[in-house]
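Asker: okay, structure incoming, though there's no sequence with it:
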């Protein structure tokens, strides 16, 4: 039990030491980006995530055709 406390204390010291050194580093200034750069990044990241998922989906799970609409109309169409 005593050995376990020493190990836990040593791990705690190591973790706290690492977090203290990480806070000492000076933050880098953020670069201003244009709207077009932000949109380009957003579109390319979305494409990077969506395209592989769509390619992995079996073709039987989706259809590019419109669903058929019933020919029976329940309400009359408005006249102009």
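Answerer: Yes, it's here. These figures come from a predicted structure and were not determined experimentally.
Asker: helices of the chain, start to end?
Answerer: Counting by DSSP state H, the segments of the chain that form helices are 2-24, 35-56.
Asker: hey, least reliable of those helices by pLDDT?
Answerer: Mean pLDDT across the helices of the chain is lowest at helix 2-24; the value there is a mean of 66.
Asker: which one of the helices of the chain lies nearest to residue 62?
Answerer: Closest of these to residue 62 is helix 35-56, at 8.4 Å (criterion: Cβ to Cβ). All C-beta spots, glycine's among them, are computed from the backbone N, C-alpha and C.
Asker: give me the number of residues near residue 38?
Answerer: Using other Cβ atoms under 10 Å, residue 38 has 10 neighbouring residues.
Asker: just put the helices of the chain in TSV and tack on distance to residue 62.
Answerer: What follows is the helices of the chain, written out as TSV (distance: least, Cβ to Cβ, whole Å):
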stretch	distance to residue 62
helix 2-24	46
helix 35-56	8
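Asker: measure residue 53 to residue 47 for me?
Answerer: 11 Å (Cβ to Cβ, to the nearest Å).
Asker: next: residue 57.
Answerer: With Cβ to Cβ as the criterion, residue 57 and residue 47 are 16 Å apart.
Asker: go on, residue 41?
Answerer: Going from residue 41 to residue 47 by Cβ to Cβ gives 11 Å.
Asker: and what of residue 7?
Answerer: According to Cβ to Cβ, residue 7 stands 48 Å off from residue 47.
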